[in-house]
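[1] Only the shape, not the letters, is given here:
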C-alpha cells in the first residue's frame, strides 16, 4: 500500500515525502494532501515529525563523523556534508569510500545518493539531481553542474519559480547571464550561490561535535605557518590529549587534527591505529608524517586534536623483574601502512569448510585466533583465485588427469599429476549443492609450473556438475 508523509502549516497540508509505490501512482512531494487522497483510494498517510527527522539526521551525522571524516555537518533536511580530504585514504580512496558509504546506508533500508566534488554547492546539487554514485574529477566541476536544474542552487522556491518564468531552466543558462541585472532584481543571493557551486567562494563547514569526544585545542594570538611550528604544537596537543585519555582509562583508535585558518577555511587530517594506544611519541609521529598535507595559507589561528574513536585501555604493570620473551608487535608497521592509504592489510584465517573458496577468510592483522586449523590431508596452492577460470582440457574420463590444458590462450602439456581429490558440495547451504562434486588435480607442466585444476562433476552423472574444467590456483 502506498505511503506518504503529510506536513502541515496552519490549515494547509501537503506531501513532504512519498515512497516508491506512491510515486508510481503519480504522487509527488509538494502535492496537496487532499488531492493525493482523492487520487489514491486507501492511501496511508502519516504526519510529519520534523523534530524526529532532525534528531535522526544528527545521529547519522555523528556516525559519519566516527567513520569517514573529522569534518562532518548535517545539511538539513535530508543531507550530510563532509570534507573528506585528508581522511579518504583510510577508506581506500574516494570511489571506494563513496560506494561503501552508500552500500552501508542501503543495507539498512536507507536509499542514499552521494557525490564527491570540489565544492559543497556542487556536491549538494549533483547528489540531488543524479541517481548514480559519482566522483567528479578535480577541475571538472563546471562541466558537471552546467546541466543541473535551478533547484540545485539552494535558492528559495519563489526565486526558482521567478527564474523559470523568465526562461531560465539550467544552472549553465543562469551562469552565462550577466550578473548585474540578476542582482538588481533578485539581490546578491543568486550570485553567491553560483560562486559557491563553481568553487569561486569558500564555503566552510561547521563540523558537528559529539559531547563524548575527548578533544583539546590551542588558539594562537599570532597565526602560525611553518612546518616546524605546526609539529611543535601537534606534540603538545598529543601530550595533553593522552593525559585526558589516561584519566578516563581510554586509548585512541582514530585521531583527528583539525586546522582552522585565518581565511575561515578548515583542513583536517585523520590518523588511525590498529589497537588503542596512548603513546605520545607514536601518535605524534603518525600526525607529523602527514604535515606536508597541511596548507597553512595566510596562517593558522587554531589547532584542534580530537580522539574520534576510543576504546578502554588499562595500564600495564610489571610484576616481575625476570626477563621475559620479547613479544613481536607489528602494530606500528600496520599503523604506518594504514595511514598511507594501504587497505590491503589483513591476515588469512582458516574456516571450517571443505569448499576451497570458503575455507579461508581475511581478518584484521591483530585479531585473535579463531581456533580453526588448516587441513593437512592434501596440499593447497599458495595462490587461490577469487573466481575459478575456465580452461580447455583433453582428458580421459572419468578419473584421469588432463593430458594438456589451455589457459589464457597458452597450451600447457601436463608432465606430472596427482589426484583426484573429490570435494562435495555443502548441501546444508543450498539445494544446488546436494549432489555437486568437484574432482581436483595438482598438475605440473613441462616448464615445471604447478597448477590446481578441477572438473565440475564426477565425469558420469550430469547432475553432479557441468563436467567443464577450471583452474583454481597456482603453487609456488
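    Thanks, I have it. Given the structure is predicted, the values throughout are model-derived calculations rather than measurements.

[2] Least confident secondary structure element in the chain?
    The helix or strand with the lowest mean pLDDT-type score in the chain, counting by mean pLDDT, DSSP states H and E, is helix 331-339 (a mean of 72).

[3] packing partners for that one?
    The contact analysis (3 or more C-beta pairs under 8 Å, 6 or more residues apart in numbering; DSSP states H and E) places helix 331-339 against strand 266-277, helix 280-288. C-beta coordinates here come from the backbone N, C-alpha and C atoms, glycine included.

[4] Name the residues of the helix of greatest length in the chain that come out as buried.
    Criterion DSSP state H: the longest helix present in the chain is helix 227-248. Neighbour counts over helix 227-248 (16 or more other C-beta atoms under 10 Å) mark 230, 234-235, 237-238, 241-242, 245 as buried.

[5] What helix or strand is the residue nearest the centre of the chain located in?
    The centre of the chain sits closest to residue 97, judged by C-alpha atoms, centre = their mean, with a distance of 2.8 Å. Element membership for residue 97 (DSSP states H and E) is helix 94-107.

[6] neighbouring contacts of that helix?
    Helix 94-107 has contacts (C-beta atoms under 8 Å, 6 or more residues apart in numbering) with 64, 68, 84, 88, 91, 111-116, 133, 135, 343.

[7] could you flag which of those residues are buried?
    By 16+ other C-beta under 10 Å, the contacts of helix 94-107 give 64, 68, 84, 88, 91, 112-116, 133, 135 as buried.

[8] From the residues you listed, pick the one nearest residue 348.
    Distance to residue 348, by C-beta to C-beta, is smallest for residue 91 among these, at 22.2 Å.

[9] Identify the residue spatially nearest to that closest one, adjacent ones excluded.
    The shortest distance from residue 91 to any non-neighbouring residue, by C-beta to C-beta, 6 or more residues apart in numbering, is to residue 97 (3.6 Å).

[10] what's the pLDDT at the one you found?
    Listed pLDDT for residue 97 reads 88.

[11] Check residue 16 too.
    90.

[12] picking that back up, roughly how far does the residue nearest to the centre of the chain sit from residue 354?
    The spacing between residue 97 and residue 354, counted by C-beta to C-beta, to the nearest Å, is 36 Å.

[13] any idea how far stretch 164-183 is from the chain center?
    37 Å (C-alpha atoms, centre = their mean, to the nearest Å).

[14] let me fix that: stretch 258-275
    19 Å.

[15] what mean pLDDT does that stretch have?
    The model assigns stretch 258-275 a mean pLDDT of 87.

[16] any chance you could read off phi and psi for residue 196?
    For residue 196, the backbone dihedrals (degrees, to the nearest 10) come out as phi -70, psi -40.

[17] Quick one: low-confidence residue ranges for the stretch 151-300 of the chain.
    Applying pLDDT under 70 to the stretch 151-300 of the chain flags no residue at all.

[18] which residues does residue 275 contact?
    251, 253, 311, 331, 366.

[19] if we go to 10 Å?
    251, 253, 311, 313, 329, 331, 334-335, 364, 366 (C-beta atoms under 10 Å, 6 or more residues apart in numbering).

[20] Need the outlier residue of this structure, farthest from its centre.
    Relative to the centre of the chain, the most outlying C-alpha is that of residue 396, 49.4 Å out, by C-alpha atoms, centre = their mean.

[21] coming back round to it: separate out the buried members of the contacts of residue 275.
    Among those, the ones that count as buried (16+ other C-beta under 10 Å) are 251, 253, 313, 334-335.

[22] Let me see the residues that make contact with stretch 179-198.
    Counting by C-beta under 10 Å, 6+ apart, 117-126, 141-142, 145-146, 148, 150, 152-156, 158-159, 162-163, 166, 168, 171, 174-175, 177, 200-203 sit against stretch 179-198.

[23] Using ChimeraX, define a selection of the buried residues within those residues.
    Restricted to buried positions by 16+ other C-beta under 10 Å, the ChimeraX selection for these reads:
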select :117,118,119,120,121,122,123,124,125,126,141,145,148,150,152,153,154,155,159,163,168,171,174,175,203
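
[24] show me where the protein has helices.
    20-24, 33-39, 50-67, 94-107, 120-129, 141-145, 157-165, 171-175, 179-186, 189-197, 227-248, 280-288, 331-339.

[25] And the pLDDT at the closest residue to residue 470 other than its chain neighbours?
    Distances taken as C-beta to C-beta, 6+ apart place residue 388 nearest to residue 470, at 3.8 Å, with adjacent residues excluded. Looking at residue 388, its pLDDT stands at 91.
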